[in-house]
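A.B. asks: Need coordinates for the below:
(one chain, ligands or ions: 1)
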Amino acid sequence: MPVELRSIVWEEDGTVRLLDQTCLPHREVWRTCRTAEEVAECIARLRVRGAPAIGIAAAYALALAARNAGSRDMQELLEHLERTAAMLLATRPTAVNLAWAVERMLNRARSLRALDPEAAAALLVREARAIAAEDEEANRRLARFGQALLPQQGSVLTHCNAGALATGGYGTALGVIRAAWEEGKTIHVYVDETRPVLQGARITAWELQRLGIPFTLITDNMAGHFMRLGRIDAVLVGADRIAANGDLANKIGTYSLAVLAFAHHIPFYSAAPTSTLDLSLPDGSQIPIEERDPEEVTYLAGRRIAPRGVQAANPAFDLTPHRYVTAIITERGIARPPYDESLRKLLEESS
Ligand code: MRU
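C.D. replies: Next comes the predicted model:
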C-alpha cells in the first residue's frame with residue numbers, strides 16, 4: 001500500500017484542514033481554517049510551510065475569502081480578494097510560490113467578471129484545488145526525472161524538509177529520494193536536523209520513517225565531516241525561489257552545504273516545480289530573505305538556551321550561487337548550466 005502523506009485538505013463543507021507541522025513529530029494535530037486570516041496565521045507561524053505548500057494554502061485562503069465575502073457584485077469581490085492577497089503576501093516573502101499562486105488566483109477571479117460572486121467563488125475553489133493537484137503531479141514527474149541522477153546504491157544528504165508535507169503531495173527533494181527507493185535503489189539518507197526550527201529532525205525524519213526509507217539524523221555541523229569521510233554521494237535539497245541564472249534561495253544552511261559539496265566534488269542538486277522559478281530576477285541578489293524572530297534561535301523546543309538579553313540573528317533562508325549547483329530538477333526536465341539558457345528553454349519548450 002503506498003503511504004499517503006498530506007498536509008492540506010479542502011473539505012466539502014468549505015473549510016481547509018492543515019496538519020500543524022509545528023506539533024510534529026510528537027502529535028498529529030489538524031487545524032480547521034474557516035477564514036483567510038486563519039490560513040495566513042498558519043503560514044506566518046510555520047504551521048504550514050515549504051514553498052509549494054505555502055502557495056497552495058494561500059490559494060485556498062483566497063477561495064475561502066471569496067466564499068465568505070458576501071459581495072454584492074464582482075467589483076466588490078475583486079477588491080476584497082486584492083486586499084486579502086496583500087495580507088497573504090505579507091506573511092512570508094522568500095518563497096515565490098506564494099506570489100505565484102496568489103497571482104494565479106487573482107487572474108482567475110478577474111476572468112470571472114461576467115459571473116455573479118457566488119458562482120465565481122465556486123470556480124475559485126476549483127482553481128485552488130487544481131493548483132494543489134497540479135503540484136502533486138509536478139512532484140511525481142520531477143521525482144521520476146531526478147531519481148535517474150541517483151546511484152543504484154548510495155547515500156544522499158538532505159536539508160530542511162522538502163517532502164510531501166511541504167507540497168501538494170509526494171515531495172520535491174524527498175520525492176526524488178522516494179522515487180529512487182520505489183525504483184529499487186538502495187538509498188540511505190543523511191538528514192540535517194536544520195536549526196533553528198528543526199524541520200529535518202522533526203518533519204523529514206517523520207516522513208522517512210513512515211515511508212520506511214533508511215536514514216541517519218545528523219546535526220547541521222556534521223555535514224562536512226561525513227562528506228570528508230566519503231559517506232555522501234549527493235546533496236539534494238528543495239528551493240524557495242530560483243532566479244534566471246540558477247542562483248537559488250533555500251533554507252538557511254543550504255549555501256554552506258553547496259560550498260562543502262563543491263569542495264568535495266559531490267554533486268549538489270535542487271529539486272523544485274517550475275512554480276518556484278522566478279525568471280523576472282536575473283540573479284539571486286534581489287530575492288528577499290525572510291528574517292524571523294530571534295527567539296527561534298535563543299529558544300529550543302520552548303526552552304531558552306542562551307542567556308537572557310543576547311542578540312541573535314535569524315535569517316530563515318540563504319542564497320546559493322549557481323556555480324555550486326550541479327543541476328536543477330523540475331517537472332519539465334533537468335536543467336544544467338548555463339542556467340540562463342537551460343531554465344528559459346525548459347519553460348519555453350513546454351508552454
Ligand atoms: O521555512 P520553511 O520550512 O518553509 O523552509 C522550507 C524550505 O526551505 C524548503 O526547502 C523549500 O521550501 C522547498 S519545500 C518543497
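
A.B. asks: helix, strand or coil for the residue lying farthest from the centre of the chain?
C.D. replies: Going by CA atoms, centre = their mean, the residue of the chain most distant from its centre is Arg72, 36.3 Å out. Secondary structure, DSSP: H, G, I helix; E, B strand; the rest coil: Arg72 is coil.

A.B. asks: Without its sequence neighbours, what residue ends up closest to the residue of the stretch 251-351 of the chain found nearest the ligand?
C.D. replies: Nearest residue of the stretch 251-351 of the chain to the ligand: Lys251, at 3.3 Å (CB to the nearest ligand atom). Where C-beta positions appear, they are placed from N, C-alpha and C, glycine not excepted. Closest residue in space to Lys251, ignoring its immediate chain neighbours: Cys160 at 3.7 Å, by CB to CB, 6 or more residues apart in numbering.

A.B. asks: What about that neighbour, how many residues nearby?
C.D. replies: When neighbours are counted by other CB atoms under 10 Å, Cys160 registers 28.

A.B. asks: okay but it is in contact with Leu257, surely?
C.D. replies: No. With contact defined as CB atoms under 8 Å, Cys160 does not count as touching Leu257 (10.3 Å).

A.B. asks: Which residues are in contact with each of these two?
C.D. replies: Residues touching both Cys160 and Leu257 (CB atoms under 8 Å, 6 or more residues apart in numbering) are 192, 237.

A.B. asks: Okay, and Leu24 sits in which element?
C.D. replies: Leu24 belongs to no helix or strand when assigned by DSSP states H and E.

A.B. asks: Same question for Gly224.
C.D. replies: In this structure, Gly224 sits in helix 223-228 according to DSSP H and E.

A.B. asks: ok so, going back, state whether the residue nearest to Lys251 is indeed within a helix.
C.D. replies: No. Cys160: not assigned to a helix; according to three-state DSSP it is coil.

A.B. asks: Who are the contact partners of it?
C.D. replies: Cys160 neighbours (CB under 8 Å, 6+ apart): 192, 194, 199-200, 204, 237-238, 250-251, 253-254.

A.B. asks: Check Ile242 too.
C.D. replies: Residues near Ile242 by CB under 8 Å, 6+ apart: 248-249, 270, 272, 276-278, 328, 343.

A.B. asks: Out of the residues you listed, grab the one that's most surrounded.
C.D. replies: Most surrounded of those: other CB under 10 Å gives Leu248, at 32 neighbours.

A.B. asks: How about the contacts made by the residue nearest to Ser342 when sequence neighbours are not counted?
C.D. replies: Closest residue to Ser342 apart from its sequence neighbours, by CB to CB, 6+ apart: Ala335 at 3.9 Å. Neighbouring residues of Ala335 by CB under 8 Å, 6+ apart: 246, 327-328, 342-343, 345-346.

A.B. asks: mind redoing it with 7 Å?
C.D. replies: Contacts here follow CB atoms under 7 Å, 6 or more residues apart in numbering; on that basis Ala335 touches 327-328, 342-343, 346.

A.B. asks: just to revisit the earlier point, bridge partners for the residue of the stretch 251-351 of the chain closest to the ligand, pull those for me.
C.D. replies: Beta-bridge pairing for Lys251 (DSSP bridges): Phe317.

A.B. asks: Just put the contacts of Cys160 in TSV and tack on neighbour count, secondary structure and pLDDT.
C.D. replies: Shown next, in TSV, are the contacts of Cys160 (neighbours: other CB atoms under 10 Å; DSSP: H, G, I helix; E, B strand; the rest coil; pLDDT from 0 to 100):
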residue	neighbour count	secondary structure	pLDDT
Asp192	27	strand	98
Thr194	23	coil	98
Gln199	27	helix	98
Gly200	25	helix	98
Thr204	30	helix	98
Val237	26	strand	99
Gly238	32	coil	98
Asn250	29	strand	98
Lys251	26	strand	98
Gly253	22	coil	98
Thr254	27	helix	99
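
A.B. asks: Just give the closest residue to the closest residue to the ligand within the chain, not the sequence neighbours.
C.D. replies: Residue nearest to the ligand within the chain: Gly238 (2.8 Å; CB to the nearest ligand atom). Leaving out its chain neighbours, the residue that sits closest to Gly238 by CB to CB, 6+ apart is Ala162, at 3.0 Å.

A.B. asks: Nearest to Met87 among the contacts of Ile242?
C.D. replies: Relative to Met87, the closest of these is Asp278; by CB to CB it sits at 21.3 Å.

A.B. asks: ok, now how distant is the closest one from Leu81?
C.D. replies: 22 Å (CB to CB, to the nearest Å).

A.B. asks: Next to the ligand in this structure, residues from the stretch 251-351 of the chain, please.
C.D. replies: Contacts of the stretch 251-351 of the chain with the ligand, taken as CB under 6 Å from any ligand atom, map to 251, 316.

A.B. asks: again, only this time at 8 Å
C.D. replies: By the rule CB under 8 Å from any ligand atom, the part of the stretch 251-351 of the chain lying against the ligand is 251, 254, 271-272, 276, 290, 316-317.

A.B. asks: ok, Ala306 touching Leu300?
C.D. replies: No. With contact defined as CB atoms under 7 Å, Ala306 does not count as touching Leu300 (9.4 Å).

A.B. asks: Output the below-cut-off pLDDT ranges for the stretch 251-351 of the chain.
C.D. replies: Counting by pLDDT under 70, the stretch 251-351 of the chain shows low-confidence ranges at 350-351.

A.B. asks: what's the neighbour count on the residue nearest to Asp293 when sequence neighbours are not counted?
C.D. replies: Counting by CB to CB, 6+ apart, Asn314 is the residue found nearest to Asp293 once chain neighbours are left out, at 6.6 Å. By the measure other CB under 10 Å, the count of residues near Asn314 is 16.
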